[in-house]
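In: Take this sequence and fold it.
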Amino acid sequence: MDQNRLYERILGLSQPWYVSSVELNEASGEITVEVDLIDGILLLCPKCGKSCPRYDHRPRKWRHLDTCQFQTLIRSDVPRINCPEHGALTIQVPWAEDSSRYTQLFEGSVIGWLQETSIRAVSRRLGLSWSAIDGIMARAVKRGLKRRGTLDATRLAVDETSFRKGHDYVTIVSNQHGRVLAVEEGKSSSSLAQYYKSLSPAQRVKVESISMDMSPAFQKATLEYIPDAKRKIAFDHFHIAQSLLEALNVTRKSELLQVDQSLRKHAHQTRYHWMRNRHTLDIQQKSQLDALVCQLSDTALVWYFKEKARDIWKGNRVRGATTAWREWIGLAKASAIKPLQVTAGHIEKNLWGILNAMRLQASNALAEAINSKIRILRVKAHGYRNKERFKRAILFHFGGLSLEPTH
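Out: I've put the predicted structure just below:
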């Protein structure tokens with residue numbers, strides 16, 4: 001097999017395409033593969049499929065996978081046809097997509113690298129600019145979204161993540177399988193509404209639960225677009241626990257200023273013990289907390305309410321939970337501890353969504369896991385200056401899309 005036939009096999013060419021020459025330039029470290037078309041044949045219009053004569057041609061180059069240590073380029077004079085209906089159009093070459101300067105095999109290799117490592121590493125390893133890599137990612141995500149079809153949207157989770165420091169966010173909608181279904185601009189009511197508008201009326205009816213934080217904006221959009229939303233909105237346990245931990249920390253820091261100076265360092269060293277589940281504390285840690293109960297009495301009380309809330313969430317059926325939560329709220333409000341009273345009022349206001357979460361067994365756990373991975377992705381990329389690239393990267397890595405180009 002000669003070198004021309006070898007590259008025809010590598011590129012998957014068939015008539016009327018053929019390799020006319022292969023040129024090695026050792027000085028530049030490049031191999032140029034010339035691909036031509038058989039003369040005198042009619043070509044198909046890319047829009048209507050009719051056989052048409054050639055009109056003219058334009059020279060183009062594409063980067064291909066390296067041959068040993070040499071960068072390999074494909075060069076061809078790509079014809080334009082003269083269609084009676086659609087005019088002069090460039091025909092589609094079989095080794096690359098329309099707008100790409102890279103072969104499908106090369107793009108497939110880049111996509112594989114991007115799934116394994118950072119953009120910076122791929123840029124350095126393959127000698128590609130970040131804009132070139134973004135173009136490959138954009139085509140991959142576009143292909144993936146076109147192929148994806150209808151995904152399961154019966155149990156949704158909504159969360160927001162920051163694009164960069166400050167108040168610049170995107171809203172992420174995912175399903176119970178951990179797939180990102182949509183990434184929308186901002187974290188307002190209209191942000192989530194954009195996703196709901198993309199669903200058909202039948203799909204909106206089939207939604208069984210929407211797990212979210214207690215954001216009024218997310219609630220507003222859901223109540224507007226999802227039928228019977230009041231029974232489907234679920235406030236995740238994570239956000240309840242987070243509110244209680246914040247109340248605990250505020251109380252502990254306030255009390256820490258009032259304890260004896262000799263105990264202050266020891267009390268500070270136990271700050272993480274208060275945040276933990278009591279069942280995970282070892283004997284020494286329990287003893288340390290017990291020794292501080294008298295000095296940090298308010299902190300100990302808030303810690304007790306935190307643990308009691310955990311028990312209600314984990315141990316009660318919904319009917320029993322309603323009574324248990326109301327008793328918890330009443331006792332918390334009766335305390336003289338301001339942060340705990342505020343949290344109790346917040347829980348009382350949103351109790352309907354908390355009870356929905358318990359009844360529907362809805363959780364934001366997968367959404368929070370995705371959010372953590374997105375933060376790692378942002379760090380690895382050293383941040384994103386362009387929000388569209390950030391949104392695209394989220395769909396690329398967490399959308400569960402079929403990204404490979406068809407060869």
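In: can you map out the helices along the stretch 201-350 of the chain?
Out: Secondary structure of the stretch 201-350 of the chain (DSSP state H, counting those that start in this stretch): helices at 201-206, 216-225, 237-256, 261-269, 271-275, 283-292, 297-315, 318-334, 338-349.
In: Averaged pLDDT, the next helix or strand after the last one. What do you get?
Out: Read it as helix 338-349. For helix 338-349, the following helix or strand on the C-terminal side (DSSP states H and E) is helix 351-360. For helix 351-360, mean pLDDT is 92.
In: Just the buried residues of helix 351-360, please?
Out: Across helix 351-360, burial judged by 16 or more other CB atoms under 10 Å covers 351, 353-358, 360. Any C-beta I mention is one placed from the backbone N, CA and C, and that applies to glycine too.
In: now stretch 304-318
Out: Result for stretch 304-318 [16+ other CB under 10 Å]: buried residues 305-306, 308-310, 312-313.
In: which one of the helices of the stretch 201-350 of the chain has the lowest average pLDDT?
Out: helix 261-269 (a mean of 80).
In: and residue 60, how many residues sit next to it?
Out: Neighbour count for residue 60, taken as other CB atoms under 10 Å: 14.
In: need the contact list for residue 54.
Out: Contacts for residue 54 (CB atoms under 8 Å, 6 or more residues apart in numbering) come out as 43, 79-82.
In: cutoff 10 Å now
Out: 37, 39-43, 79-82, 91 (CB atoms under 10 Å, 6 or more residues apart in numbering).
In: for residue 290, same thing?
Out: Shown in contact with residue 290 (CB under 10 Å, 6+ apart): residue 300.
In: how close does it sit to residue 6?
Out: Distance of residue 290 to residue 6, given as CB to CB, to the nearest Å: 78 Å.
In: The lowest-mean-pLDDT helix or strand in the chain: which residues count as buried?
Out: Using mean pLDDT, DSSP states H and E, helix 261-269 stands out as the lowest-scoring helix or strand of the chain, at a mean of 80. For helix 261-269, burial by neighbour count (16+ other CB under 10 Å) applies to residue 267.
In: got a list of contacts for that helix?
Out: 252-253, 255-260, 274, 288, 291-292, 295-296, 299.
In: any chance you could map the strands in the stretch 101-250 of the chain?
Out: In the stretch 101-250 of the chain, the strands defined using DSSP state E, counting those that start in this stretch lie at 155-164, 168-175, 180-185, 209-212, 233-235.
In: got the ones you listed as a markdown table, with mean neighbour count columns?
Out: Shown next, in a markdown table, are the strands of the stretch 101-250 of the chain (neighbours: other CB atoms under 10 Å):
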| stretch | mean neighbour count |
| --- | --- |
| strand 155-164 | 22 |
| strand 168-175 | 22 |
| strand 180-185 | 21 |
| strand 209-212 | 26 |
| strand 233-235 | 25 |
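In: Out of those strands, the one nearest residue 344 is which?
Out: Of all the strands of the stretch 101-250 of the chain, it is strand 233-235 that lies closest to residue 344, at 14.7 Å by CB to CB.
In: Quick one: list the elements packing against the closest one.
Out: strand 155-164, strand 209-212, helix 216-225, helix 351-360 (3 or more CB pairs under 10 Å, 6 or more residues apart in numbering; DSSP states H and E).
In: just to revisit the earlier point, of all the contacts of helix 261-269, which comes closest to residue 370?
Out: The closest of the contacts of helix 261-269 to residue 370 turns out to be residue 274 (CB to CB; 28.7 Å).
In: Can you tell me how far residue 349 is from residue 189?
Out: 18 Å.
In: who has more neighbours, these two?
Out: residue 189 (17 against 11).
In: so the more buried one sits right up against residue 195, yeah?
Out: No. Applying CB atoms under 10 Å as the test, residue 189 and residue 195 come out as separate, 11.6 Å apart.
In: anything in contact with each of those two?
Out: Common neighbours of residue 189 and residue 195 (CB under 10 Å, 6+ apart) are residue 221.
In: okay if I get the buried residues of helix 351-360 as CSV plus distance to residue 229?
Out: Shown next, in CSV, are these (distance: CB to CB, whole Å):
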residue, distance to residue 229
351, 16
353, 10
354, 15
355, 15
356, 10
357, 14
358, 17
360, 13
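In: can you name the two of those residues that are farthest apart?
Out: Maximum distance among the buried residues of helix 351-360 (CB to CB): 14.7 Å, for 351 and 360.
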